[in-house]
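Trainee: here are the coordinates; sequence isn't available:
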């Protein structure tokens, strides 16, 4: 048997953000998860399912094609199932609390307008924000059984999406969904950890955030964030490597007093 016959993934692929050539940058076992990172060692059994990742030569976006044909049912069966909390220990407690503290402490102006928590999961962030005086918060998650379809008919001043972008296999489809919720002068606040520039040299398999069992399948750079923003009529900025925002015209009032970097292609 030749090596070509053994190959299960092409060596290059069009970038999902900008369409330019992307090359293989590493492979991890599907079982790779947050529990492994927390323990500092491999604690989950290997699945024997290789997940290949590519990195774009132009915008730096890193991604896999392994889940491109998955349905919401597939994700629910294999990733967002009863074991998910074990693979992502902060899912039910620490993360919604810390995100609510961030919003209430740094962006209190958001309480004055309608807010949507997109990709809300169990709706815990809404609960935490309401406890802090944010009375106009709505939860929406297109991938849960109780997705709250009533949210679809509304527009919002602010859409928040914490730890959502790295979970979606198609960044432009995700943006299509989110932009339709925005008021004309609305903005999106989101979190996702940007991929290190030297990921090819250091190996994506060494980066803790690359965890397919957690659903981490898409990784952005400042350039790729700017690319998807521009294609949807938006501008983009970053407060740090993990917290970013989209807006249409003027900076949202809650962003003006903080140091940030405007993303560019």
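Mentor: Right, received. Where do you want to start? All figures in this text were calculated on a predicted structure; none of them were measured in a lab.
Trainee: so what pLDDT did the residue nearest to residue 249 when sequence neighbours are not counted get?
Mentor: Nearest residue to residue 249 in three dimensions, chain neighbours excluded: residue 185, at 6.7 Å (C-beta to C-beta, 6 or more residues apart in numbering). In short, each C-beta sits where N, CA and C put it, glycine included. Residue 185 carries a pLDDT value of 93.
Trainee: just checking, residue 185 is part of a strand?
Mentor: Yes. Assessed by DSSP: H, G, I helix; E, B strand; the rest coil, residue 185 belongs to a strand.
Trainee: can you get me a residue count around the residue nearest to residue 212 when sequence neighbours are not counted?
Mentor: Of all residues beyond its chain neighbours, the one nearest residue 212 is residue 51 (4.7 Å), with distances taken as C-beta to C-beta, 6+ apart. Residues lying near residue 51 (other C-beta atoms under 10 Å) number 23.
Trainee: relative to residue 103, how far out is residue 51?
Mentor: Counting by C-beta to C-beta, to the nearest Å, the separation of residue 51 from residue 103 is 33 Å.
Trainee: cool, and residue 172?
Mentor: Residue 172 is 26 Å from residue 103, by C-beta to C-beta.
Trainee: so these two - more neighbours on which side?
Mentor: residue 103 (25 against 13).
Trainee: buried set for the regular element (helix or strand) spanning that one?
Mentor: Per DSSP states H and E: residue 103 is located in helix 94-106. Within helix 94-106, the residues that qualify as buried are 95-97, 99-100, 103-104, 106, counting by 16 or more other C-beta atoms under 10 Å.
Trainee: report the distance from that helix to the chain centre.
Mentor: Counting by C-alpha atoms, centre = their mean, to the nearest Å, helix 94-106 is centred 17 Å from the centre of its parent chain.
Trainee: what's the nearest residue to the residue nearest in space to the middle of the chain if we skip its chain neighbours?
Mentor: Nearest to the geometric centre of the chain sits residue 165, at 1.8 Å (C-alpha atoms, centre = their mean). In space, and not counting its chain neighbours, residue 165 is closest to residue 192: 4.2 Å by C-beta to C-beta, 6+ apart.
Trainee: my guess is the residue nearest to residue 249 contacts residue 250. True?
Mentor: Yes. Using C-beta atoms under 8 Å, residue 185 makes contact with residue 250 at a distance of 7.4 Å.
Trainee: how about the helices in this structure?
Mentor: Listed in chain order, the helices of the chain (DSSP state H) span 3-6, 34-39, 72-78, 84-87, 94-106, 124-131, 171-179, 199-202, 222-230.
Trainee: now for the fourth one, which elements pack on it?
Mentor: Going back to what we said before, that points to helix 84-87. Judged by 3 or more C-beta pairs under 8 Å, 6 or more residues apart in numbering; DSSP states H and E, helix 84-87 is in contact with helix 34-39.
Trainee: so which elements touch the helix it packs on?
Mentor: On a contact count with 3+ C-beta pairs under 8 Å, 6+ apart, helix 34-39 meets helix 84-87.
Trainee: what mean pLDDT does the helix it packs on have?
Mentor: pLDDT averaged over helix 84-87 gives 83.
Trainee: touching that helix from outside, list them.
Mentor: By C-beta atoms under 8 Å, 6 or more residues apart in numbering, the surrounding residues in contact with helix 84-87 are 33-35, 44, 91-92, 211, 213-214.
Trainee: max pairwise distance over the residues you listed: which two?
Mentor: Greatest spatial distance among the contacts of helix 84-87 (C-beta to C-beta): 44 and 92, at 18.8 Å.
Trainee: when those two are compared, which one has more neighbours?
Mentor: For residue 44 versus residue 92, neighbours defined as other C-beta under 10 Å are more numerous around residue 44 (18 against 14).
Trainee: returning to that earlier point: any idea how far the residue nearest to residue 249 is from residue 156?
Mentor: Computed as C-beta to C-beta, the residue 185 to residue 156 distance reads 11 Å.
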